[in-house]
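Visitor: Need coordinates for the below:
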Amino acid sequence: MKQRQDAWTEEDDLLLAETVLRHVREGSTQLNAFEEVGDKLNRTSAACGFRWNAVVRRQYEQALQLAKKQRKERQRLLGKHQPVRKKLLYTPPVPSLEELGEIVELPTSPAASTESTTMTLDHVIAFLQTFKSIHTNHEALQKENEQLKKEKAEILAKNEELEKKIAKLEEDSSSMQEEYETLMRIMNRARKIALQEEEERQTLKFKMDKNGNLEKIAE
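Guide: Reported below is the predicted structural model:
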């Protein structure tokens, strides 16, 4: 039973990309490539398919288009003008009952009946493995989605708080500007008064009267 769920390495991604491109180029299916990689890495084909479509494919999109083009060219050279059925380059091994960890009692019947029962059992096992992988990936995506929503809410809250601080600073800045302008007007008025007084002092002259007193005279 394939149960590997650890992180993908660069070597795993490279193996996945090379296998998919080879299958596409030689006329096989991507699903067949996922099964081959899954057996090599002890992962389910569904997990390999999810990794390819979610992460790896975007890095090899040009190579994938080239592989499809090479597949068409090969078919053209072989004279296959009509649509052909894709061939399978890899046949997944059938898991034994010991690997499944279960005891399955097969009916004692003719060979044809036994073969039909075995195929049905394989299909059920493959379906359960695929379903479990999809369910696991769905739970991981759901948790990641919830985490992103939480981070988004925190960012929005911080953004709202910063907007309030900016508005408060703008309000304080406006008040300080008004106070500054008022202070400048007061200082200018005081400066004018001082200049006027200085001018008045400079224009005044004094003379002494007969009694010895000084009296102010204008020029």
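Visitor: And Pro92, what's its pLDDT?
Guide: Looking at Pro92, its pLDDT stands at 63.
Visitor: Actually, Ser113.
Guide: Model confidence at Ser113 (pLDDT) stands at 40.
Visitor: ditto for the one 5 residues further on
Guide: Reported pLDDT at Thr118 in the predicted model: 45.
Visitor: List the buried residues in the helix or strand harbouring Glu73.
Guide: Using DSSP states H and E, Glu73 sits in helix 61-77. For helix 61-77, a neighbour-count test (16 or more other Cβ atoms under 10 Å) marks 63-64, 67, 71 as buried. To be clear about C-beta, it is placed using only N, CA and C from the backbone, and glycine gets the same treatment.
Visitor: Which residue ranges of the protein form strands?
Guide: Remark: strands assigned in the chain by DSSP state E are 204-208, 214-218.
Visitor: If you average pLDDT over each of those, which is lowest?
Guide: Looking at the strands of the chain, the bottom one is strand 214-218 with a mean of 57.
Visitor: Kindly provide the distance from Ile186 to Gln75.
Guide: 93 Å (Cβ to Cβ, to the nearest Å).
Visitor: Can you check the pLDDT for Leu16?
Guide: So, for Leu16, pLDDT stands at 95.
Visitor: and Gly27, how many neighbours?
Guide: When neighbours are defined as other Cβ atoms under 10 Å, Gly27 has 19 of them.
Visitor: Hmm, it is touching Lys72, no?
Guide: No. Gly27 is beyond contact range of Lys72, at 9.7 Å (criterion: Cβ atoms under 8 Å).
Visitor: Throw the buried residues of helix 61-77 into TSV and include distance to Glu35, thanks.
Guide: Output for these, formatted as TSV (distance: Cβ to Cβ, whole Å):
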residue	distance to Glu35
Ala63	21
Leu64	18
Ala67	18
Arg71	19
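Visitor: could the residues you listed be laid out in JSON lines, adding distance to Glu163 and pLDDT?
Guide: Below are the buried residues of helix 61-77 laid out as JSON lines (distance: Cβ to Cβ, whole Å; pLDDT from 0 to 100):
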{"residue": "Ala63", "distance to Glu163": "47", "pLDDT": "93"}
{"residue": "Leu64", "distance to Glu163": "46", "pLDDT": "93"}
{"residue": "Ala67", "distance to Glu163": "51", "pLDDT": "91"}
{"residue": "Arg71", "distance to Glu163": "56", "pLDDT": "90"}
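Visitor: Appreciated, that's everything.
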